[in-house]
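Novice: here's a sequence, model it:
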Amino acid sequence: MLIIGIAGGTGSGKTTVARSVIEQLGSDKVTFISQDNYYKDQADLTMEERLLTNYDHPFAFDNELLIEHLQLLKKGLPAHAPVYNFTDYTRSTSETVLLQPNRIAIVEGLFVLYDEPLRKLLDIKVFVDTDADVRLLRRVLRDMEERGRSIHSIYQQYLATVKPMHEAFIEPSKKYADLIIPEGGHNEVGIQLLRILTEKYLTGGEEWPVG
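Specialist: Take a look at the predicted model:
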């Protein structure tokens, strides 16, 4: 199984890049995994305590579980990814996502390239690089429309954690990338290059020189 990791800052276009590649390759050939589903379970915390969590720090994610699931997929076994509820700031107790083994898996998330044990499982490492002002505007729209956040809470979180955590952890992880795609989903050349590399694997058997 070929594992592609797509990292980048909030609102950079990581998901758009992943979806574009999947659409071109065919969804039957690719298993998509979002690192957002692997935020740590906080069911044992009060809502007040959950609101104090720094969700833009690598420690907010359960990468051990993500790695365990990737290893199951590599063995040809299915896995059940958790579903994170961004309104309650914890995992759903009644819902999971079934991950089926496939020839290709795409893992997308903020810290996919930061975490070394996770990074070692990746065959192709991609960083989506987008200007900070564009990323901020996209985050504002997403958090208001999809996660029910107020503009004030988004503003506070951006200054307190999003921006400093990006500069401390996400931006430095760019050095580990095999491929940097500026402007995310708008970069058709970068997306086509990633597709071509992936198709080479699909048509060339199990041996893969990248990693």
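Novice: count the neighbours of D56 for me.
Specialist: Using other Cβ atoms under 10 Å, D56 has 22 other residues around it. Quick note: C-beta positions are derived from backbone N, CA and C, even for glycine.
Novice: who touches it in this structure?
Specialist: With contact set as Cβ atoms under 8 Å, 6 or more residues apart in numbering, D56 has these partners: 10, 110, 157, 161-162, 165-166.
Novice: which of these has the most neighbours?
Specialist: Highest neighbour count within these, by other Cβ under 10 Å: L110, with 26 neighbours.
Novice: am I right that that residue is in contact with S173?
Specialist: No. Counting by Cβ atoms under 8 Å, L110 sits too far from S173 to count as a contact (9.0 Å).
Novice: now for those two: what residues contact both?
Specialist: Listed as contacting both L110 and S173 by Cβ under 8 Å, 6+ apart are A7.
Novice: helices or strands next to the lengthiest helix in the chain in the packing?
Specialist: The helix spanning the most residues in the chain, taking DSSP state H as the definition, is helix 188-204. Identification of packing neighbours for helix 188-204 by 3 or more Cβ pairs under 8 Å, 6 or more residues apart in numbering; DSSP states H and E yields strand 2-8, helix 14-25, strand 104-108, strand 124-129, strand 179-182.
Novice: need the ones you listed in JSON lines (columns: mean pLDDT, distance to E188 and mean neighbour count).
Specialist: Listed next are the helices and strands packed on helix 188-204 as JSON lines, based on pLDDT from 0 to 100; distance: least, Cβ to Cβ, whole Å; neighbours: other Cβ atoms under 10 Å:
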{"stretch": "strand 2-8", "mean pLDDT": "96", "distance to E188": "16", "mean neighbour count": "26"}
{"stretch": "helix 14-25", "mean pLDDT": "92", "distance to E188": "9", "mean neighbour count": "20"}
{"stretch": "strand 104-108", "mean pLDDT": "97", "distance to E188": "18", "mean neighbour count": "24"}
{"stretch": "strand 124-129", "mean pLDDT": "95", "distance to E188": "14", "mean neighbour count": "24"}
{"stretch": "strand 179-182", "mean pLDDT": "93", "distance to E188": "10", "mean neighbour count": "18"}
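Novice: and E64, which of these is closest to it?
Specialist: Closest of those to E64 is strand 104-108, at 14.3 Å (criterion: Cβ to Cβ).
Novice: which secondary element of the protein has the worst mean pLDDT?
Specialist: Every helix and strand in the chain was compared by mean pLDDT, DSSP states H and E; the lowest is helix 132-146, with a mean of 82.
Novice: show me which residues of that helix are buried.
Specialist: Under the neighbour-count criterion of 16 or more other Cβ atoms under 10 Å, helix 132-146 has 132, 134-136, 138-140, 143 buried.
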